[in-house]
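Visitor: Next input, structure requested:
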Amino acid sequence: KHVKGAGKRALRLKTCDDARKLRTCVGECFEYASRPDVASPDQVEERSRRVTFLIVGGGPTGVELAGELHDLVEDITRPQVGTYPKLDGAIRVILAHGGSDLVPQFDAPLRSEALRSLKKKGVEVILNTRVTEVADGFVRLSTKVR
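Guide: Numbers count the residues shown, from 1 in each chain. Prediction:
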């Protein structure tokens, strides 16, 4: 199903070129959130908005990306050694999946472990939820009512 605005405002991860573009965009987000215009304490919300990442799809690629992105965040925000220690606590990694289980093609114990592992890392996992619109500054989600 076509999601309004996704073609223009969302990145995909199907090819090596897509991966390179994604890597560049993620780095630019960290830089953008580190700019002096959002460094003051009263700019916490704007700084966080600039480094909130929504990954759509809880298949193997989405789950792996969410976990790896969160690991990157842990590395770059470490005091003294991280490149962006001032972003600690501002970065959010969110994984939205339309189904009730992540990696549905795997056996139940692996599906449960994927969810447990991501949540333990600090990835925000939203199940039974689809993206219905991607616009400038927001994403509209629709959650299935059970």
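
Visitor: for this protein, what spans make up the helices?
Guide: In the chain, the segments counted as helices under DSSP state H are 6-9, 16-33, 44-50, 60-76, 108-121.

Visitor: what's in contact with the last one?
Guide: Among residues not part of helix 108-121, those counted as contacts by Cβ atoms under 8 Å, 6 or more residues apart in numbering are 58, 63, 66-67, 70-71, 74, 95, 101-104, 106, 125. Backbone N, C-alpha and C define where each C-beta goes, glycine included.

Visitor: Check the third one too.
Guide: Here helix 44-50 makes contact (Cβ under 8 Å, 6+ apart) with 29, 32-33, 38-39, 87, 90-92, 137.

Visitor: re the thing from before, which of the helices of the chain sits closest to residue 133?
Guide: The closest of these to residue 133 is helix 6-9. By Cβ to Cβ, the value is 8.3 Å.

Visitor: Could you list the buried residues of the closest one?
Guide: Judged by neighbour count using 16 or more other Cβ atoms under 10 Å, the buried positions of helix 6-9 are residue 6.
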